[in-house]
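A.B. asks: Kindly return the folded structure for what I paste below:
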Amino acid sequence: MSKTTPATLALSRSGVPFALATYDYDAGAERVGLQAAEAMGVSPDIVLKTLMVEVDGKPACVVVPSDQQVNMKKVAAAFGAKSAQMMKPADAERLTGYKVGGISPFGQRKQVPTAVEEMATLEDEVYLNGGQRGLQIRMRPDDLVRALGARAADLIR
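C.D. replies: Next comes the predicted model:
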């Protein structure tokens, strides 16, 4: 597995401190983030999943704990929009340049507005996808928000 991805390159260029962790990706797992947490032996509330959404028809990215469900009304509100919906997987892959199960908020083909679940920002460290299946980035949540130019918001049920 290569540990150099557009996500790791973007973080390296930004100077934001991060570390990498790997795990055995299970393509048959029902919930990738929960499988990653279990494989790495960490709590699922610090393993964040990256979801691509459309808010008022425009692409956006949300980052939430893997053990939580997003609330689309709260997502729309976080972006000052009227409506939000999940992006189709093929559209998310085309927009980001990553495969589903490996989508990172960093190094996407086209950077889009991003929101991070505010509860995740209270953790000491979090894990999120590093741009390929089985590769995780470990970092401080305040560095995550700053590096993405993201907003912290209530996004979950």
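
A.B. asks: In the chain, what residue spans correspond to helices?
C.D. replies: 6-14, 32-40, 72-78, 89-96, 141-148 (DSSP state H).

A.B. asks: can you pull the contacts of the closest residue to Phe106 other than its chain neighbours?
C.D. replies: Of all residues not flanking Phe106 in the chain, Ala7 sits nearest, at 3.9 Å (Cβ to Cβ, 6 or more residues apart in numbering). All C-beta spots, glycine's among them, are computed from the backbone N, C-alpha and C. Contacts here follow Cβ atoms under 8 Å, 6 or more residues apart in numbering; on that basis Ala7 touches Ser104, Pro105, Phe106, Gly107, Asn129, Gly130, Gly131, Ile137.

A.B. asks: Emit the ChimeraX select command for whichever of the residues you listed are buried.
C.D. replies: A single ChimeraX command is used to select the members of these judged buried by 16 or more other Cβ atoms under 10 Å:
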select :104,105,106,107,129,130,131,137
